[in-house]
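1. Need a 3D model of the sequence below.
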Amino acid sequence: MKFQVGENLWKRVEASSFPIFQGMTIKTEKGTAVVSLTDQNQIEIGPDSVLYFEEKDQIRLSQGRFDFRISPSRGLRLCAGNFILVGTSALHAGRGLASLSKADEAAGSLSIHPNAAVTIQGIQGHLTLLNQERTVLATVAPKESLTFPAAIGAKIGKGKTPPVQMAQVGEEEDPLAAKGKEAAPEPQKSGGLSTGAWLAIGIGALALGGIAALAGGGGGGGGESSPPPVCP
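-> Here you go, the predicted structure:
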């Protein structure tokens, strides 16, 4: 795993855990990593992924995928391409934080494809997908999966007609089960994140949170990545 220290310049993470700050970009190659933020928000970054911490409550995925668990007490925004993903409870401005419970947590996975389309898979709670104009495109229920082309999330100029494209919708299915074979046992999940793979995470006093490489995970690899655009 590496973090960006300059344009097209990356530094390998030597320790098993280190603090993260606003404006930091990190990437994985063969391994995975776990990010722990405040208010019990957690993200597990998959291999070959790039993650940018744009703002205090805003994270952008510019390559790859991650699993996440979003606390109801914090309106964390997960950005990918032209899209913004939030927990549905975060849109209920009329509800006080005191009325939100652990049952309101939302968990799932977010991935971005080379053509800038995004796929959202729901695991727990309900998720809401927005476009760049903060218009609600869809809500994702547990066990649902949606894939949206990039054009659907783009800003529409005044007087222009929005593109007519459909999202692919379906539930997750084990490929072995689809062929009539015995499905492989599903890894145990905790709020959408695999269990038994957490390491202690060091959190700096001024940091947003901390990050740790998972046991058995490889370091970040080569390649170049420029800072992704800021989520509107």
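
2. got the contact list for stretch 136-143?
-> Stretch 136-143 has contacts (Cβ atoms under 8 Å, 6 or more residues apart in numbering) with 83, 88, 91, 108, 120-131, 146, 148, 152-153, 167, 171-172. C-beta coordinates here come from the backbone N, C-alpha and C atoms, glycine included.

3. redo that, cut-off 7 Å
-> By Cβ atoms under 7 Å, 6 or more residues apart in numbering, the residues outside stretch 136-143 that reach it are 88, 108, 120, 122-124, 126-131, 146, 148, 152, 167, 171-172.

4. For those, which ChimeraX command selects only the ones that are buried?
-> A single ChimeraX command selects the buried members of those (16 or more other Cβ atoms under 10 Å):
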select :88,108,120,122,123,124,126,127,128,129,130,131,146,148,152,167
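
5. and residue 152, which of the three is it?
-> Under DSSP: H, G, I helix; E, B strand; the rest coil, the three-state class of residue 152 is helix.

6. Start the count at 50 instead of 1 going forward.
-> That works, and once the first residue is 50, the last one we named lands at residue 201.

7. hang on, isn't residue 105 packed against residue 69?
-> No. Judged on Cβ atoms under 7 Å, residue 105 makes no contact with residue 69 at a distance of 11.6 Å.

8. average model confidence for the longest strand seen in the chain?
-> Counting by DSSP state E, the longest strand found in the chain is strand 107-119. For strand 107-119, the mean pLDDT works out to 94.

9. Sheet partners, orientation included, of it?
-> Here strand 107-119 is paired, per DSSP bridges, with strand 91-94 (antiparallel), strand 99-104 (antiparallel), strand 126-129 (parallel), strand 155-161 (antiparallel).

10. Could you export the third one as CSV, CA atoms only?
-> The C-alpha atoms that make up strand 126-129 are tabulated as CSV, following Å, rounded to 0.1, in the frame of the first residue of the first chain:
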residue,chain,number,x,y,z
ARG,A,126,-20.6,11.0,1.4
LEU,A,127,-19.0,8.3,-0.8
CYS,A,128,-18.2,9.6,-4.3
ALA,A,129,-17.3,7.7,-7.4
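
11. ok, residues contacting that strand?
-> The contact list for strand 126-129 (Cβ under 7 Å, 6+ apart) reads 106-110, 117, 133-135, 159, 161, 167, 280.

12. which of those lies closest to residue 79?
-> Lowest distance from residue 79 to the contacts of strand 126-129 (Cβ to Cβ) belongs to residue 110, with 18.1 Å.

13. Tell me who's in contact with that closest one.
-> 98, 100, 129, 159, 161.

14. does the fourth one really touch residue 115, like I thought?
-> Yes. Between residue 159 and residue 115 a contact is recorded at 6.1 Å, counting by Cβ under 7 Å.

15. Helices along this protein, start to end?
-> Assigned by DSSP state H, the chain shows helices spanning 199-202, 224-227.

16. Of those helices, which shows the lowest average pLDDT?
-> Among the helices of the chain, helix 224-227 carries the lowest mean pLDDT (a mean of 43).

17. Distance check, residue 118 against residue 93.
-> Going from residue 118 to residue 93 by Cβ to Cβ, to the nearest Å gives 9 Å.

18. what's the answer for residue 164, then?
-> Separation of residue 164 from residue 93 (Cβ to Cβ) stands at 24 Å.

19. Please apply the same query to residue 52.
-> Residue 52 sits at a distance of 17 Å from residue 93 (criterion: Cβ to Cβ).

20. Could you tell me how many residues sit around residue 105?
-> As a burial measure, residue 105 scores 12 neighbours (other Cβ atoms under 10 Å).
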